[in-house]
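> Fold the following and give me the result.
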Amino acid sequence: MTSTTLRRLAAGIAAAGLACSLAAQPAGGKLSDGRVRFGVLTDMSGVYSDLAGPGSLLAAQMAVEDFGGKVLGAPVDIVSADHQNKTDLAANTARQWFDTQQVDAIVDLVSSPVSLAVMEIAKQKNKVAFVNGSGTSRVTNDSCNANTVHTSWDSYSQSYSLVDAMVKQGGDSWFFVTLDNAGGQSVERDGMAAVKAAGAKVVGNVRFPLNTADFSSFVLQAQASKAKVIGLIASGADTVNAVKAINEFGLTRQQKVVAMVTFLPEIHSLGLQAAQGLILNEAFYWDTDADTRKFSERFFAKSKKMPDAVHAGVYSSITHYLRAVQAAGTDDAAAVMKKMKETPVKDFYARGGSIREDGRMVFDMRLVQVKKPAESKKPWDYYDIVATIAADQAFQPLSKSTCTLVKK
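Here you go, the predicted structure:
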C-alpha cells in the first residue's frame, strides 16, 4: 500500500470518526445521546409469542413510522429481544440496553415476573418501562415506581366487573383454575375478593404450571367442585389447551366458564366452535369503531392477523411517550413521565385515558362474549360487546392503592 493511499485512508477514517462524533451529539442539546431508542422486550418464541412477540415489534415499528421517525429533529429507532419468559435473561437484557445501547424506554414486558424485574431496573437506571402485556396489580401497588406505566389490563380490571356480571346471572359459586405465577396468583386473589364482595362463595381452586400440555386433572377437579362458574386464569397456549380440555370433558353443559385472562389470538386459535360463549374483559377489540378498524387493517396487511390489546398498547405507549418528549423538549425520564401523566391519552386504544400518580393508565374496558359460529359475519368477527365499563369502575380506585407514590 503506497504512502498516498495510506494518507487517504487515514483521512477517510478521521472524517468518519468526526461524522460519528457529530451524529452522537444531542440534537440541540435536548436529547441525552442525540436519539430516542425503544426496546421491545417480549416473548418471541414461547407461550405468549402469539399475543405479544412479533406483533409487538410490528406495532412499535408502526408507531415510530407514523410519528415520522424523528422527535425534536433526532432519529427514533428500536431494538428488540426475546426474554424467553426467563426473569434473569429479561433483567440482564434490560440492564445491557440501558447501560450500553442507550435505550430510553422498554415496552411490552409480557409475563408478570419479567415486568416486575425490568421495571425495577428502569427505576435504578432512571429510564422508563411500559408494562403492556403483564397483568399483576403489583405493578401499581406494592412494586410501583415513578418510572413505570401500566397500560394494559390488570388483575383488578379482569376481576371485579366480570365477577359482578356473572353473579348477577346466578353464578354464586366459583372454582378457579389458575396459572401458578405472580400474574396468575394476583388475578386469582382479586377474583376471589370480588366473588366474596358480590355475596357469592369460592368453593375451591387449583393451580397449574406455565406451558401445561395436559389439563385433564385440573379440569376434572373443577368439574367435581360443582361450582356454577369456573374462573379460568390462563393466557397464550395455556388457554388454548385448557379450553380444549374443558370441551372434551363437557364442563360447559353444567357450568359456565369465564376466561379471566384471554386475548384475541387464543380465540382465533381455538375457533368459534370451541370458544363460543366464553365471557371476558378486553382492553381493546379491533372491530370496535372506525379508528380501531383503521389501525387494525393496516396491522393485518403486514402480519396477516388482527392486533390484540398488547399490540395496540405498545403502539399507544410509544406514541404517547414521543408526544411527551416533543412537549417536554427532552428525553429526561422524570420530565417525560411528568408530561405523560399530565397529558390525556388520545388514540384509538385509550381514547380519553389518563395516567395516574401510581403509574396506572385508566381507560374504558369492554365486557365481551365470544360469538357462536353462525353469528360471525366476517373473518376475525369474534366478539359481541356486552357492556362498556367506565375507567373509574374498571380499575382499582386510588383509595385502595398501596403504592407509595399515592398521596393519602
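
> residues near Gly69, how many?
Close neighbours of Gly69, defined as other CB atoms under 10 Å, add up to 10. To be clear about C-beta, it is placed using only N, CA and C from the backbone, and glycine gets the same treatment.

> from here on, count from 188
Sounds good: first residue 188 from here, last item Gly256.

> Now find how far off-centre the helix or strand hosting Ala521 is within its chain.
According to DSSP states H and E, Ala521 maps onto helix 520-529. How far helix 520-529 lies from its chain's middle: 20 Å, per CA atoms, centre = their mean, to the nearest Å.

> Give the other helices and strands that it contacts.
strand 315-318, helix 496-515, strand 541-542 (3 or more CB pairs under 8 Å, 6 or more residues apart in numbering; DSSP states H and E).

> For the shortest one, name the packing helices and strands.
Meaning strand 541-542. Using 3+ CB pairs under 8 Å, 6+ apart, strand 541-542 sits against helix 520-529, strand 548-549.

> Using JSON lines, lay out these together with mean pLDDT and distance to Cys590.
Compiled in JSON lines, the helices and strands packed on strand 541-542 are given as follows (pLDDT from 0 to 100; distance: least, CB to CB, whole Å):
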{"stretch": "helix 520-529", "mean pLDDT": "98", "distance to Cys590": "13"}
{"stretch": "strand 548-549", "mean pLDDT": "98", "distance to Cys590": "14"}
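
> Can you report how many residues lie near Ala247?
25.

> ugh, typo on my part, it should be Ala333
Ala333, neighbours per other CB under 10 Å, totals 18.

> Am I right that it is in contact with Ala521?
Yes: here Ala333 reaches Ala521: they are 7.4 Å apart, a contact under CB atoms under 8 Å.

> for the chain, which spans come out with low pLDDT?
188-216, 595 (pLDDT under 70).

> what ranges do the helices span in it?
190-211, 240-254, 274-287, 299-312, 347-355, 369-384, 403-411, 424-435, 451-457, 459-462, 477-490, 496-515, 520-529, 578-581 (DSSP state H).

> circling back: what about the helices and strands packed on helix 520-529, which gets the closest to Thr229?
Each of these has some distance to Thr229 by CB to CB; the shortest is helix 496-515, at 8.5 Å.

> what angle sits between the closest one and helix 520-529?
Between helix 496-515 and helix 520-529, the angle comes out at 110 degrees (axes from the mean of the first three to the mean of the last three CA atoms, to 10 degrees).

> Check which helices and strands helix 496-515 is in contact with.
Looks like helix 496-515 contacts strand 223-229, helix 240-254, strand 257-258, strand 292-295, strand 315-318, helix 477-490, helix 520-529 (3+ CB pairs under 8 Å, 6+ apart).

> now do 6 Å
Using 3 or more CB pairs under 6 Å, 6 or more residues apart in numbering; DSSP states H and E, the elements in contact with helix 496-515 are helix 240-254, strand 257-258, strand 292-295, helix 520-529.

> Just the CA atoms of that helix, as PDB, please.
Only the C-alpha atoms of helix 496-515 are listed here, as PDB (Å, rounded to 0.1, in the frame of the first residue of the first chain):
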ATOM      1  CA  ALA A 496     -54.600  -5.400  23.400                       C
ATOM      2  CA  VAL A 497     -50.900  -5.900  23.900                       C
ATOM      3  CA  HIS A 498     -50.100  -4.900  20.300                       C
ATOM      4  CA  ALA A 499     -52.400  -1.800  20.500                       C
ATOM      5  CA  GLY A 500     -51.000  -0.900  23.900                       C
ATOM      6  CA  VAL A 501     -47.400  -1.000  22.600                       C
ATOM      7  CA  TYR A 502     -48.400   1.400  19.800                       C
ATOM      8  CA  SER A 503     -50.200   3.700  22.200                       C
ATOM      9  CA  SER A 504     -47.300   3.800  24.700                       C
ATOM     10  CA  ILE A 505     -44.700   4.700  22.100                       C
ATOM     11  CA  THR A 506     -46.900   7.400  20.600                       C
ATOM     12  CA  HIS A 507     -47.700   8.900  24.000                       C
ATOM     13  CA  TYR A 508     -44.000   8.800  25.000                       C
ATOM     14  CA  LEU A 509     -42.900  10.600  21.800                       C
ATOM     15  CA  ARG A 510     -45.600  13.200  22.200                       C
ATOM     16  CA  ALA A 511     -44.300  13.800  25.800                       C
ATOM     17  CA  VAL A 512     -40.700  14.100  24.600                       C
ATOM     18  CA  GLN A 513     -41.800  16.600  22.000                       C
ATOM     19  CA  ALA A 514     -43.800  18.600  24.600                       C
ATOM     20  CA  ALA A 515     -41.100  18.400  27.300                       C
END
